[in-house]
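Q: make a model of this:
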Amino acid sequence: KNILEKNNSRLIGIRDLYFEEDKIYISMISENERGITINAYQAKLNYDNLIFEDFFITDHYWCCYNVFSGGRLEKFKDNKILFSIGFQGLLSAAQSTENTLGKIVAIDKDTREFEFVSIGHRNPQGLKFIEEKNIIINTEHGPKGGDEININYLNKNNGKIPNYGWAVSSYGVPYGGPDTFLKSHSKYGFDEPFKWYTPAIGISQLEYLSKNESFDKKDYLYVSSLRAGSVYIYQINDQFDKIIKEDRIWFNSKRIRDIKYDKEMGLFFIIFEFTP
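A: Purely as a prediction, here's the structure:
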């Protein structure tokens with residue numbers, strides 16, 4: 001509330017909450033006289049009153065509420081936090097380095113300076129940094145079809161910022177009007193998805209279990225989705241560039257928004273959209 005009052009803003013929605021050491025971070029969409037925006041805020045942990053302060057202000061605004069927000073916060077290396085930001089319905093934004101829309105950025109926790117770690121995203125709502133593999137995995141909603149899992153192999157970039165193609169290339173199609181999307185990524189200089197889905201699965205957050213944690217000593221990705229309340233399970237090879245085996249779990253409740261694995265308890269926690 002203090003952040004909204006200070007900025008004379010109206011709350012539209014909180015997109016993610018991330019906890020690290022003695023700080024709590026949230027991403028939040030709000031509206032003021034300049035329009036609608038998404039930012040990240042931090043508060044020192046206490047159990048009486050959380051006082052949130054600015055952490056990362058995108059300073060980009062758009063006119064109308066939409067669902068293309070992104071907003072996932074995730075740990076990273078070198079004293080930084082990852083923040084995924086959707087393209088907000090502005091088709092040219094994700095390919096421009098003049099703004100943070102349609103990007104994943106790494107923000108220094110002390111200086112608040114940021115750098116692009118990847119561009120060309122549509123609505124990246126899942127985000128995971130795997131330190132031992134030095135990779136960033138993100139999941140993002142396509143248009144009608146074309147949901148993607150993208151892997152940023154940090155050791156292989158050679159200083160290049162990966163570009164995942166939106167809004168030029170997509171394996172989905174528009175909800176209305178002619179299909180203008182190119183049906184290849186690599187052919188036009190973009191990075192191909194690790195996996196894509198048509199029809200769309202309403203992809204959401206993902207979790208990783210290393211071979212040291214899994215029951216059969218193999219690497220797995222668990223990808224949650226809104227379609228049929230499903231978790232998609234992928235056994236991945238050692239190089240993390242190939243799917244060896246796929247499986248799927250259905251739940252009676254539909255629309256999964258989040259998934260988290262607790263190592264100490266050996267349990268997955270899943271957040272459904274409608275069912276507790």
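
Q: rest of the way, CA atoms for contacts and neighbours
A: Noted.

Q: where in this protein is pLDDT low?
A: For the chain, applying pLDDT under 70 flags the ranges 1, 275-276.

Q: which residues of it fall in helices?
A: For the chain, the helices defined by DSSP state H occupy 2-7.

Q: separation between I201 and I137?
A: 17 Å (CA to CA, to the nearest Å).

Q: higher neighbour count, those two?
A: I201 (23 against 19; other CA atoms under 10 Å).

Q: please tell me I have it right and the more buried one contacts S224.
A: No. Under the criterion of CA atoms under 8 Å, I201 is not in contact with S224, lying 9.1 Å apart.

Q: angles on the backbone of the residue sitting furthest away from the middle of the chain, please.
A: The outermost residue of the chain relative to its centre, with distances by CA atoms, centre = their mean, is D48 at 30.2 Å. Backbone torsions for D48, taken as degrees, to the nearest 10, come to phi -110, psi -50.

Q: please verify my assumption that D108 contacts I81.
A: Yes. Under the criterion of CA under 8 Å, D108 makes contact with I81 at 6.6 Å.

Q: list the contacts of A94.
A: 87, 100-103, 119-122, 166-167 (CA atoms under 8 Å, 6 or more residues apart in numbering).

Q: what's the burial count for the closest residue to it other than its chain neighbours?
A: Nearest non-adjacent residue to A94, counting by CA to CA, 6 or more residues apart in numbering: G102, 4.1 Å away. As a burial measure, G102 scores 33 neighbours (other CA under 10 Å).

Q: over to the one 4 residues further on?
A: Close neighbours of A106, defined as other CA under 10 Å, add up to 25.

Q: how about P199?
A: P199: 14 neighbours (other CA under 10 Å).

Q: do you know how far it is from G86?
A: Distance, P199 to G86, by CA to CA: 21 Å.

Q: again, but for H121
A: Taking CA to CA, one finds H121 at 7 Å from G86.

Q: CA atoms of stretch 91-106 as PDB?
A: Extracted C-alpha coordinates of stretch 91-106, given in PDB (Å, rounded to 0.1, in the frame of the first residue of the first chain):
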ATOM      1  CA  LEU A  91       4.300  -6.000 -31.300                       C
ATOM      2  CA  SER A  92       7.600  -4.200 -32.000                       C
ATOM      3  CA  ALA A  93       8.700  -4.000 -28.300                       C
ATOM      4  CA  ALA A  94      10.200  -7.400 -27.800                       C
ATOM      5  CA  GLN A  95      12.800  -6.900 -30.700                       C
ATOM      6  CA  SER A  96      13.900  -3.500 -29.500                       C
ATOM      7  CA  THR A  97      16.700  -3.000 -27.000                       C
ATOM      8  CA  GLU A  98      15.300   0.500 -26.200                       C
ATOM      9  CA  ASN A  99      12.900  -1.000 -23.600                       C
ATOM     10  CA  THR A 100      12.600  -3.900 -21.200                       C
ATOM     11  CA  LEU A 101       9.300  -5.300 -22.700                       C
ATOM     12  CA  GLY A 102       9.500  -8.800 -24.000                       C
ATOM     13  CA  LYS A 103      12.800  -9.400 -22.200                       C
ATOM     14  CA  ILE A 104      14.400 -11.300 -19.400                       C
ATOM     15  CA  VAL A 105      16.700  -9.000 -17.400                       C
ATOM     16  CA  ALA A 106      19.300  -9.600 -14.700                       C
END
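
Q: more neighbours: which of H121 and G86?
A: With neighbours defined as other CA under 10 Å, H121 and G86 compare such that H121 has more, 31 against 28.

Q: wait, what's in contact with the closest residue to T198 other than its chain neighbours?
A: Closest residue to T198 apart from its sequence neighbours, by CA to CA, 6+ apart: G145 at 4.5 Å. Applying CA under 8 Å, 6+ apart to G145 gives the contacts 171-173, 197-201.

Q: again, only using 6 Å
A: Neighbouring residues of G145 by CA atoms under 6 Å, 6 or more residues apart in numbering: 172, 198-200.

Q: cool, and D54?
A: By CA under 6 Å, 6+ apart, the contact set of D54 is Y41.
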